[in-house]
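Trainee: sharing a model prediction with you, sequence too.
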Amino acid sequence: MTVINSRDHLPPTLTAQDISSYLNISRAGAYQLLHSEGFPTIQIGKRLLVDRSKFLQWVDLQSKKATTEYEVNPKV
């Protein structure tokens, strides 16, 4: 398995394996994301893929949501 630890190393179109490697989650977790509402999944036949730029936008949005939630309700 190839470890993807940088945005620069992401392929133009991501598979579940690429997503799991980048986010450091299980492949099953990546498939849950691919099937979740609001995740930018492209379905081609039975294949589930994600465009790199849409994926990175989604990651940035999730980070902003987490930061905003922490600022509103810090759990100290």
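Mentor: Perfect, I can see it now. Quick caveat: nothing in here was measured; it's all calculated off a predicted structure.
Trainee: can you pull out the strands in this structure?
Mentor: Here the chain has its strands, by DSSP state E, at 13-14, 41-44, 47-51.
Trainee: out of those strands, flag the one nearest Tyr31.
Mentor: For Tyr31, the closest of these is strand 47-51, at 7.4 Å, according to CB to CB. Every residue, glycine included, has its C-beta placed from N, CA and C.
Trainee: who's in contact with that closest one?
Mentor: Identification of contacts with strand 47-51 by CB atoms under 8 Å, 6 or more residues apart in numbering yields 12-16, 19, 31, 34-35, 39-43.
Trainee: that one: partners in the sheet, and parallel or antiparallel?
Mentor: Its sheet considered, strand 47-51 pairs with strand 13-14 (antiparallel), strand 41-44 (antiparallel) by DSSP bridges.
Trainee: adding mean pLDDT, write the ones you listed out as JSON lines.
Mentor: JSON lines is the format used below for the strands paired with strand 47-51 (pLDDT from 0 to 100):
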{"stretch": "strand 13-14", "mean pLDDT": "97"}
{"stretch": "strand 41-44", "mean pLDDT": "97"}
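Trainee: tell me the most buried of those strands?
Mentor: Mean neighbours per residue, mean count of other CB atoms under 10 Å, is largest over the strands paired with strand 47-51 for strand 13-14, with a mean of 20.
Trainee: pLDDT below threshold where in the protein?
Mentor: 1, 69-76 (pLDDT under 70).
Trainee: which other helices and strands contact the longest helix anywhere in the chain?
Mentor: The longest helix of the chain (DSSP state H) is helix 52-72. Secondary-structure packing of helix 52-72 (3 or more CB pairs under 8 Å, 6 or more residues apart in numbering; DSSP states H and E): strand 13-14.
Trainee: which residues sit against the strand it packs on?
Mentor: Tyr22, Ile42, Leu49, Val50, Asp51, Arg52, Phe55.
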